[in-house]
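Asker: would you be able to build a 3D model of this:
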Amino acid sequence: MRGSGDNIFRAPESGERDLVDKIKNRRKKFELYQSESHKMKSLMMNSAGIRSDIATGNGMALNPIWTNFPTRCVKPITSVEEMKKKLDYFSKTDDVMVVRYHQDNCTACNAVDKVFEVLCHQAATRTPGLKFYDVNRNDVPDLTKGLVRFPQIKGYSGGQWADIDFKPPTAFREELYAAIEKEVKRLKNEGKPVTALQAEEMYFSGAGPAMLEVTEEQLMRFYCKAQVRLHNYWKQVSMRRTWFYRKFIEPEVEERVMDEWRARSVFGEKVVHGPQPSDEFA
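Answerer: Numbers count the residues shown, from 1 in each chain. Model prediction:
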């Protein structure tokens, strides 16, 4: 039995601060809006994120420029023949190839190399179907004939190339440029002039985490699209039926029978060849 109407709108017995603290405590203990299975899942996901170096928002973003690995993950392509073999393999398999094109004495290339290396080590456990390679313009000029700017990242899957962007957004870059310009001026006023190379290195040191995030996002988008395209079941069935028909059926059929097949309706539709006179035409 409900009480009087005044009791419905009465103020809570405890103060507002106590109420908020209670809600916060319950949230901390994973008790609010969560069943036992949800609590377990949240705990497991958080621990998995900590163990696999996924950014959990608790600390600083990973800067690939200052990250070093004991082993080299990205494999170099050193000849045209090797590239031909790779293209032949990746056009027929489910795996996806990512290639970094670079040249010597290039600060941007070195920064992208660091980003590429971090993504390669991450992919070893998360997306083992992604294979990372790099091509040096100075070592294999034949593989970079059509390329004008360096560095570049390209993905290859199922006979199709795609560009992978690694540049942070324009607003971010402009803000970083302004901050570096301010820092260079400050150092200059202190009697410590900064060379153009040092300023470039300062920029890429600051842009490292953003470059990693952008590259990873673009790479995962390309990888997912490639997997969807490769595993499109009905498209595969259609392609195999077409191939089988052209290979075995078509060569054996006489022209007369072929013409009859072409003139026969498949789904009961009216077969029309050329303009037809109307029914009222006399």
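Asker: three-state assignment of His121?
Answerer: helix (DSSP: H, G, I helix; E, B strand; the rest coil).
Asker: what ranges does the stretch 101-250 of the chain have for its helices?
Answerer: Assigned by DSSP state H, counting those that start in this stretch, the stretch 101-250 of the chain shows helices spanning 107-126, 170-189, 196-230, 233-244.
Asker: got the angle for the first one vs helix 196-230?
Answerer: Computed by axes from the mean of the first three to the mean of the last three C-alpha atoms, to 10 degrees, the angle separating helix 107-126 from helix 196-230 equals 40 degrees.
Asker: show me what helix 107-126 is packed against.
Answerer: Helices and strands touching helix 107-126, by 3 or more C-beta pairs under 8 Å, 6 or more residues apart in numbering; DSSP states H and E, are strand 96-102, strand 130-136, helix 196-230. C-beta here means a position set from N, CA and C on the backbone, and glycine is covered the same way.
Asker: count the neighbours of Gly208 for me.
Answerer: Residue neighbour count, defined by other C-beta atoms under 10 Å, stands at 22 for Gly208.
Asker: which residues touch the closest residue to it other than its chain neighbours?
Answerer: Sequence neighbours aside, Ile65 is the residue nearest to Gly208 in space, at 4.0 Å (criterion: C-beta to C-beta, 6 or more residues apart in numbering). Shown in contact with Ile65 (C-beta atoms under 8 Å, 6 or more residues apart in numbering): 111, 114, 204-205, 208.
Asker: of the residues you listed, just the buried ones, ChimeraX syntax please.
Answerer: In ChimeraX, a selection of the buried entries from the contacts of Ile65 looks like this (16 or more other C-beta atoms under 10 Å):
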select :111,114,204,208
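Asker: now for the contacts of Ile65, which pair is the farthest apart?
Answerer: The largest separation in the contacts of Ile65, counting by C-beta to C-beta, is between Lys114 and Ser205 at 10.2 Å.
Asker: what's stretch 160-177 in contact with?
Answerer: Residues from elsewhere that reach stretch 160-177, judged by C-beta under 8 Å, 6+ apart: 98, 112, 115, 151-156, 203, 206-207, 210-211, 214-215, 218-219, 222.
Asker: nearest to Asp94, of the contacts of Ile65?
Answerer: Among those, and counting by C-beta to C-beta, the member closest to Asp94 is Lys114, at 28.3 Å.
Asker: just confirm that closest one contacts Leu62, I think it does.
Answerer: No - if you go by C-beta atoms under 8 Å, Lys114 and Leu62 don't touch, sitting 10.9 Å apart.
Asker: how confident was the prediction at Asp134?
Answerer: At Asp134, the model reports a pLDDT of 95.
Asker: residues in contact with it?
Answerer: Taking C-beta under 8 Å, 6+ apart, one finds 74-77, 99-102, 113, 116 in contact with Asp134.
Asker: which of those has the most neighbours?
Answerer: Of those, with other C-beta under 10 Å as the count, Phe116 tops at 28 neighbours.
Asker: perfect, that will be all.
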